[in-house]
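**Q** 3D, please:
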Amino acid sequence: MKAIKITSVVIKSLLSLFGIFMFVFFFGESISGVTTSLDFFDIFGMILMPFVFTIGVIVMWKKELLGSVIIILTILLLNIVFMIGQQSFSLELEFGIVLLIAVIEMVVAILYQRAKSIKQE
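**A** Numbering: from 1, shown residues only. Okay, the predicted model is just below:
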């Protein structure tokens, strides 16, 4: 059970670092003036991803399963918005990796809840 908690903390830390990177990227793009040449879907994605993703990471530190679901839905919604806007599917590598990490965290959360309930019985 200790290994599950350690894995969970490592995953949360990685996702937190990715969230910080997204905020730095978002504000860097805003300050440099690149956002004036972007269309609605790009701007929506740049706003959606850092803020909702960060909410998911914050929730994940208290409720792993709910936070994982928020992050997974955010990444899927972002890709749906881009598919509508660009008329093509493009799951970028970094979002695919984050999606995989969030799924692993969801599995870890489920395993931890099961181990905890078995230990209580």
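**Q** What separation is there between the residue nearest the centre of the chain and Ile84?
**A** A centroid search over the chain (C-alpha atoms, centre = their mean) returns Ile71, at 3.6 Å, as the residue closest to the centre. Applying C-beta to C-beta, to the nearest Å, the value for Ile71 to Ile84 is 21 Å. All C-beta spots, glycine's among them, are computed from the backbone N, C-alpha and C.
**Q** Got the phi and psi for the residue nearest to the centre of the chain?
**A** When read as degrees, to the nearest 10, the backbone of Ile71 gives phi -70, psi -40.
**Q** quick one: it from Ile104, how far?
**A** For Ile71, the distance to Ile104 equals 11 Å [C-beta to C-beta].
**Q** Kindly report the same for Ser13.
**A** From Ser13 to Ile104 the distance is 13 Å (C-beta to C-beta).
**Q** returning to what we had before: tell me the contacts of the residue nearest to the centre of the chain?
**A** Residues near Ile71 by C-beta atoms under 8 Å, 6 or more residues apart in numbering: Leu15, Phe53, Gly56, Val57, Met60, Val98, Ala102.
**Q** Number of residues surrounding the residue lying closest to Asp39 once chain neighbours are set aside?
**A** The spatially closest residue to Asp39, leaving aside those adjacent along the chain, is Gly85, at 6.6 Å (C-beta to C-beta, 6 or more residues apart in numbering). Gly85: 14 surrounding residues under other C-beta atoms under 10 Å.
**Q** ok, Gly85 - contacts?
**A** Taking C-beta under 8 Å, 6+ apart, we find Gly85 in contact with Asp39, Phe40, Phe41, Asp42.
**Q** and it, what element?
**A** Take DSSP states H and E as the rule and Gly85 turns out to sit in helix 64-86.
**Q** Off-centre distance for that helix?
**A** Helix 64-86 sits 8 Å away from the centroid of its parent chain (C-alpha atoms, centre = their mean, to the nearest Å).
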